[in-house]
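1. model this:
(chains A, B and C)
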Amino acid sequence: MTMGWKAKPFYYLLFALITVIVLIPMALVVFAAFKPTAELSASSPLALPKSLYFGNLEAAFVKGNILTGFRNTAVLIAVSVGANMVLGTMTAYILNRFDFRFRKLIFAMFTVAMIVPYYTTEVARFQIIKGLGLYDTLMAPILIYAGTDLLQIFIFLQFMEKISVQLDESAMMDGASYFRIFRSITFPLMLPAAATLAIIKVVEIMNDMYIPFLYMPDKDLHTLSTALMTFVGERATFWNELSAAILIVMLPAVLIYLFFQRYVFAGLMDGAVKG
Amino acid sequence: MSYSMQKKVIIVSFLALPIALLLLFLLYPTAKLLQLSFTDWNGISRTFEYVGLDNYADAFRMPELWKSLYNNWLYFLIHALFIPLEIMVAVFLNAKLRANPFFRSIVFLPYVINGVAVAYVFSYLYNPINGPINLFLQSIGLESWIQRWLSDPGVVNYSLIAVSLWRFCGLHVILFLAGLQAIPQDLYEASKIDGAGPMRQLWYITIPGMSLVIEIVLFLNVRGALQVFDIPFLITQGGPGNASSTFTLFTVDTAFKFNNYGLASTMAILLMIMIIVFSYIQKKLFQATGGGRS
Amino acid sequence: MAKRWAGSILALLLTLSVVLAACGQSKDKENEETAASSGSASAAPASEANGEKITIKMAMWDVNASFIDFLTAKVKEYSKVDPNVSVELEAFKNDGDYLKAMKVRLSANEMPDFFELKPNFINDFKSELLPLDDLSITAKNKFAKKYAVDGKVLAMPTVSFPELVYYHPSIFQELGLNVPTTWQQFMDVLNKLKENGKYIPYAMGGKDGWPDYPFNEFMHQIMSGDENYLSAIAAQDKPFSEGTPFYNAYSRIAALYDAKVMGPDPLGVSWDQATGLFESKQAAVVAAGLWYLDTYLSKVGNIDDLAAFPMPLRDSESEELKVMTFTDHFYAINKNTKNPEAVKKFMEWFYSPEVHQAYVDKAKLGAAMEGVTANVPFLNDFYAKNKITPFLYVPGNQQYTDLINATQLDWKKIGQEMMAGKKLADISAELNDKWSKARAGAK
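-> Now for the predicted structure:
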């Protein structure tokens, strides 16, 4: 679509405004994170720091148990996002390629799961985790995160529509099993959509703090977000220390997003949620 | 193995794990919730008794609960009012302009940031002492616009909804954008030849073309607005008093602070029912007003 | 077909749970083994019976990080006393998060072995606690008996301390103010500070929802003169009407909030910010328990310009000066602990004179054990200077708790509503209405 000359100034004005609204709060965090406490109270929050002071970041990094957090978050992400993608594509493959009796029931189950109110269901979920012997282990959040949901299935299904059934059929003529077809034809072709959903999932897991807080109280099992939020709750009394902590927790997610964003958009765009 | 046998094997083996996880971590807890909603369990004791529909009757007799639902309604309404703007932004981003990749990443950025961090940042922005928003208004001579952002019961909900908008609008825009990309370009070309202006194109091609995405966003909005918890919990804890409380905040307090897990389960079940009913009504309305044409 | 489906899903679920349980690994196995050993050796501590390593899980919360650090290090020392036992401390930053986590864990029998409670939590958890009457330390605790449930001591306090009003003597000197000894004088002092305009008279962190507790939670209790006031109102249909202790206390509170002596936006600032203003001498007065002393010291570095007076809740100096005295940091043993003897032994050590001395000195709070006096000159000074009558905080009975839960009454939230402008007449009418309905429903 092209744009008329009248729309252009409006376009730039609108997006300049959006950019400012998005970036200013983040900029203020960065400013404060590099100010020593004395400068923080003396200067305006809107002012740039006079020099780069790393004391706050150092305090958050050292006292906040960040390295442990990085390690655990990395493990969580690697295992659960991997599992999540495999399970999601498997589910979509079955739902798209086969017709069977309980297909509708399965959709109904995933739909109900979409509106489950969290927090109040936590008591029952906790009992299950405990019953499986997973309380206070990394397996607890991994299993919870690994499950696929309706939105994922939906996007995978849209994507599968584009993968021609003829590919499957010609493979079947060569005597390939369904599993082989999935593994060597369907799954590789679904990778662009999987990449998109994986990045979104990575960001979600990095930002979640409720599940690790509840299921992994052990300090050695702190994730990036629980480590930092514990630090914030216990010791960061000044806004500059708090900002440093926020910056550390914000940065990995933002970097991952900026680095991989073309996959996010590419996947969403041609996986394409069609009308 | 024959393909018909293979089919059975692969269906069972591929679905076993996803369905098992779904049952274990989502559906069983929900069934449990339904069971508890008919009991007087206090959340601590080892025993409970069935009380029939008492909790449901009690829930309807709690004026504060329904007052807090009004706040959920505000979240829903204001987010819904932003949808046309979100669509417009998506339409702009869909155009072939050099700056668009940059603006695209900017728009989605807030959604990527940790929600707890966002809550802390906005608590700071709204601060009455040396708070950046107030300082900014002062510096441009708009002292009269300064509000008690988080402590005036008439203002606090709007301050919190602004945080919610900041966080979630980008997600909606990106979803709309994905929907736009699926509309074949030749439809626009053809309508141009027929002499259709941009408004007609928007109404007759764009909106019907992405009706499914619009339905998804509308559903996400109902679900999100009815389940709002993090933002008020982290910024105001529902205060001052109950002024910025929401249905879920009220439910969680009932369960954990006021030891009435049975009643809280009832509230959670009511919440699920409301999500189903409202999204159904909304879907019908949307289709009736012509969103479904395609 | 349907049956076969259900069968195969069930089978898969079972396999799944077995596999999962297997990777759930060592942690549980370890516990089971220690459980088995403790069962066989009930007289001697399990650890001594077979030399097996035991971990005691302990949970508590505190707003003050330096206190958490202290306690974490302190309980590690126990391994020197009993090399087979290590104590693992889990600290929370506030009681809300703490309670939520504990209640979720309770339903799955995952409570820690040894954990902290507030006096008003004991009733809720009473069926989960091990009676402590046979411990040697119980008799030496000054308050334990007072908080017994059905005649059994279930939780033991560590500290006792008064609620104070902190102020900066330098500001009082500068403005020629005297320490108030009646409520009227207290209001006068705040009004004079306001007229002068240089300082915020009172630092209220109303955004946090709890810093109004010295007024909204405690004042009506003290003014009733009855330590069992909370249980008493549970037996009344309309305990919030005009003329009741509640109404009298809340009229004063309303006048206090209406006087606008708490800065431009008391509801907009948090406790950290409000006390930050007090610590940097921009605010003159703040009411809080003695526990705030340690926070102040850790932030300011000294207490040269800090003093405290009892909140003067009396009309004339001829009346007694009652001061809310809070007994706190209760600890209890989980009834279902796998190592009851080891935990009891640890508890005896935890309340032994040496450890207790270190605990109260660090917390800067009064000792709950006989024979130990906290080295807190500030507190001793306060008692020497002021002639007060301690008013012991006693939590309400079961009936009171049930009514609070049924009406979802939160005194501190009412305080926030008053600061936001809600009228006392409306509050009183609403509370009476809800209270009498809840009482009728409970019968």
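2. Going by C-alpha atoms from here, please, whenever you check contacts or count neighbours.
-> OK.
3. what mean pLDDT does the host helix or strand of residue B:200 have?
-> Following DSSP states H and E, one finds residue B:200 within helix B:198-201. If you average the pLDDT over helix B:198-201, you get 80.
4. where does the stretch 101-250 of chain A have low pLDDT?
-> Applying pLDDT under 70 to the stretch 101-250 of chain A flags the ranges A:233-237.
5. how about the helices in it?
-> In the stretch 101-250 of chain A, the helices defined using DSSP state H, counting those that start in this stretch lie at A:103-114, A:122-131, A:139-146, A:150-162, A:165-173, A:178-181, A:187-207, A:210-215, A:224-234, A:239-271.
6. what phi and what psi does the backbone show at residue C:391?
-> With angles defined as degrees, to the nearest 10, residue C:391 sits at phi -120, psi 110.
7. Next one: the nearest residue to it once chain neighbours are set aside, what pLDDT does it get?
-> Counting by CA to CA, 6 or more residues apart in numbering or on different chains, the nearest residue to residue C:391 once its immediate chain neighbours are dropped is residue C:324, at 4.8 Å. You'll see residue C:324 listed with a pLDDT of 95.
8. Just give the number of residues close to residue B:110.
-> When neighbours are counted by other CA atoms under 10 Å in any protein chain shown, residue B:110 registers 22.
9. part of a helix, is it?
-> Yes - under DSSP: H, G, I helix; E, B strand; the rest coil, residue B:110 sits within a helix.
10. quick one: contacts for it?
-> When contacts are counted by CA atoms under 8 Å, 6 or more residues apart in numbering or on different chains, residue B:110 touches A:22, B:166-168, B:170.
11. Turn those into TSV, columns for distance to chain C.
-> Output for the contacts of residue B:110, formatted as TSV (distance: CA to the nearest CA, whole Å):
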residue	distance to chain C
A:22	24
B:166	21
B:167	22
B:168	25
B:170	29
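12. among these, which are in helices?
-> For those, the ones inside helices are A:22, B:166-168, B:170, with DSSP state H as the criterion.
13. who wins for most neighbours among those residues?
-> Highest neighbour count within those: residue B:170, with 24 neighbours (other CA under 10 Å).
14. pLDDT score assigned to that residue?
-> Predicted confidence (pLDDT) for residue B:170: 92.
15. quick one: it and residue B:164, what's the gap?
-> Distance of residue B:170 to residue B:164, given as CA to CA, to the nearest Å: 11 Å.
16. Check residue C:395 too.
-> For residue C:395 relative to residue B:164 (CA to CA), the value is 40 Å.
17. quick one on the thing from earlier: so how far is the helix holding residue B:200 off the chain centroid?
-> 29 Å (CA atoms, centre = their mean, to the nearest Å).
18. Check stretch A:167-186 too.
-> 32 Å.
19. what's the span of it, first residue to last?
-> Stretch A:167-186: ends 9 Å apart by CA to CA.
20. ok, that stretch near chain B or not?
-> Yes - with CA under 8 Å from any CA of the partner chain as the measure, stretch A:167-186 is seen reaching chain B through A:177-179.
21. Show me what counts as buried in that stretch.
-> Residues of stretch A:167-186 classed as buried: A:168, A:171, A:176-179, A:181-182, A:186 (neighbour count, 16 or more other CA atoms under 10 Å in any protein chain shown).
22. Please enumerate residues in contact with that stretch?
-> Here stretch A:167-186 has contacts from A:93, A:163, B:3, B:6-7, B:10, using CA under 8 Å, 6+ apart.
23. now stretch C:101-110
-> Applying CA under 8 Å, 6+ apart, the external contacts of stretch C:101-110 come out as A:122-123, A:126-127, A:130-131, A:214, B:43-44, B:46, B:256, C:111, C:336.
24. Show me which of the residues you listed is closest to residue C:277.
-> Residue C:277 has its nearest neighbour among these in residue B:256, at 32.9 Å by CA to CA.
25. Wait, the closest one touches residue C:98, no?
-> No - with contact defined as CA atoms under 8 Å, residue B:256 does not count as touching residue C:98 (10.5 Å).
26. quick revisit: which two in the contacts of residue B:110 are spaced the farthest apart?
-> Using CA to CA, the contacts of residue B:110 span at most 11.6 Å, a distance reached by A:22 and B:168.
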